[in-house]
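Participant: Predicted structure and sequence below. I'll ask about it afterward.
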Amino acid sequence: MLEHQAHRVMALTEWEERWQNNRIGFHQPAVHTMLKTHLEEVVSGRTGVRFFFPLCGKAVDMKWLADLGHLVVGVEFSEKGIREFFEENNLSYTEEPVPSIPGARLFKNSEKNIFLYRCDLFSFSSSVAGQFGAIWDRGSLVAINPKDRERYAGLIVSLMAADCRYLLDTLLYDPEKYGGPPFLVPDAQVQSLFGSCCDVKHLQSVDALTDRTRAWGLDSLTENVHLITLKDAGAQTQPR
């Protein structure tokens with residue numbers, strides 16, 4: 001199945017163009033159902049959890065978590081998306097350069113503990129903002145070019161604190177009918193990407209077919225959610 005999308009590439013400039021033209025059908029105006037459903041499994045009784053949002057866009061989930069008392073760090077290439085997040089949620093913000101990432105900017109609202117970095121995701125690292133107790137990955141792994149997935153998995157694992165709980169949302173469909181993005185990520189690949197150093201637990205599968213996705217040519221679409229946690233330190237190996 002994966003060979004149909006193996007060489008599909010979306011350049012960062014193409015994503016920026018989508019933002020500039022408001023072709024952002026991936027944005028959801030309400031907090032994602034899967035996050036609400038599985039929040040307790042992610043938080044696991046902790047308070048003030050540091051959440052990481054890879055390719056955060058202007059996800060309203062970020063303010064929702066901040067309102068619950070958690071700290072949010074996101075990375076997004078589109079400055080437009082970041083500014084719209086703060087403006088649409090009536091949040092003031094300041095901005096400053098990021099010394100360790102040339103050209104990057106940090107947009108933040110310290111009152112709500114929301115910190116959004118405008119940069120290439122692969123320029124980000126734990127040396128910039130530390131590690132995280134939770135990660136919400138909706139629309140990130142499925143947007144990354146398939147050829148970059150192993151590199152992506154390595155980055156994500158490097159950002160996971162020992163107690164991190166990583167909620168991953170993926171999609172299953174027939175790649176012969178739609179070329180992506182969002183791209184197909186089979187359960188077996190989730191296991192191959194993270195299984196060497198993490199425990200991968202399948203939490204839920206739902207039918208995600210909508211009028212919008214039918215227009216892509218699909219007649220079947222399944223949304224899967226996994227909870228990924230680091231194995232005991234003594235058993236860890238590097239992700240493949």
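Facilitator: Yep, it's here.
Participant: Give the other helices and strands that the helix or strand hosting residue 193 contacts.
Facilitator: Assigned by DSSP states H and E, residue 193 belongs to helix 187-194. Applying 3 or more Cβ pairs under 8 Å, 6 or more residues apart in numbering; DSSP states H and E, we find helix 187-194 packed against helix 149-158, strand 160-172, strand 198-207, strand 222-230. (Each C-beta comes from the backbone N, C-alpha and C, glycine too.)
Participant: Can you add distance to residue 117 and mean neighbour count and give the ones you listed back as TSV?
Facilitator: Listed next are the helices and strands packed on helix 187-194 as TSV, based on distance: least, Cβ to Cβ, whole Å; neighbours: other Cβ atoms under 10 Å:
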stretch	distance to residue 117	mean neighbour count
helix 149-158	13	18
strand 160-172	18	20
strand 198-207	24	14
strand 222-230	22	20
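Participant: CSV for those, including distance to residue 30 and mean pLDDT?
Facilitator: Shown next, in CSV, are the helices and strands packed on helix 187-194 (distance: least, Cβ to Cβ, whole Å; pLDDT from 0 to 100):
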stretch, distance to residue 30, mean pLDDT
helix 149-158, 25, 98
strand 160-172, 15, 98
strand 198-207, 16, 98
strand 222-230, 15, 98
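Participant: Select, out of the ones you listed, the one closest to residue 22.
Facilitator: strand 160-172 (22.5 Å; Cβ to Cβ).
Participant: strand partners of that closest one, parallel vs antiparallel please.
Facilitator: Strand 160-172 sits in its sheet next to strand 132-138 (parallel), strand 222-230 (antiparallel), going by DSSP bridges.
Participant: CA atoms only: put the helix or strand of the chain with the lowest mean pLDDT into PDB for me.
Facilitator: When each helix and strand of the chain is scored by mean pLDDT, DSSP states H and E, helix 12-20 comes last, with a mean of 77. The C-alpha coordinates for helix 12-20 follow below in PDB (Å, rounded to 0.1, in the frame of the first residue of the first chain):
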ATOM      1  CA  LEU A  12       7.000  23.800   2.700                       C
ATOM      2  CA  THR A  13       6.300  26.500   0.200                       C
ATOM      3  CA  GLU A  14       3.200  24.600  -0.900                       C
ATOM      4  CA  TRP A  15       1.900  24.400   2.600                       C
ATOM      5  CA  GLU A  16       2.500  28.100   3.000                       C
ATOM      6  CA  GLU A  17       0.700  28.800  -0.200                       C
ATOM      7  CA  ARG A  18      -2.300  26.800   1.200                       C
ATOM      8  CA  TRP A  19      -2.300  29.100   4.200                       C
ATOM      9  CA  GLN A  20      -2.100  32.200   2.200                       C
END
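Participant: to the chain's geometric centre, what's the distance from it?
Facilitator: With Cα atoms, centre = their mean, to the nearest Å as the basis, helix 12-20 stands 17 Å off its chain's centre.
Participant: who does it touch, helix- and strand-wise?
Facilitator: Where contact means 3+ Cβ pairs under 8 Å, 6+ apart, helix 12-20 is packed against helix 79-88.
Participant: what is the orientation angle of the helix it packs on with helix 12-20?
Facilitator: 30 degrees (axes from the mean of the first three to the mean of the last three Cα atoms, to 10 degrees).
Participant: Which pLDDT value goes with the residue most central in space within the chain?
Facilitator: In the chain, the centroid-proximal residue (Cα atoms, centre = their mean) is residue 137; its distance is 3.0 Å. pLDDT for residue 137: 98.
Participant: ok, now the one 10 residues further on?
Facilitator: According to the model's per-residue confidence, residue 147 sits at a pLDDT of 95.
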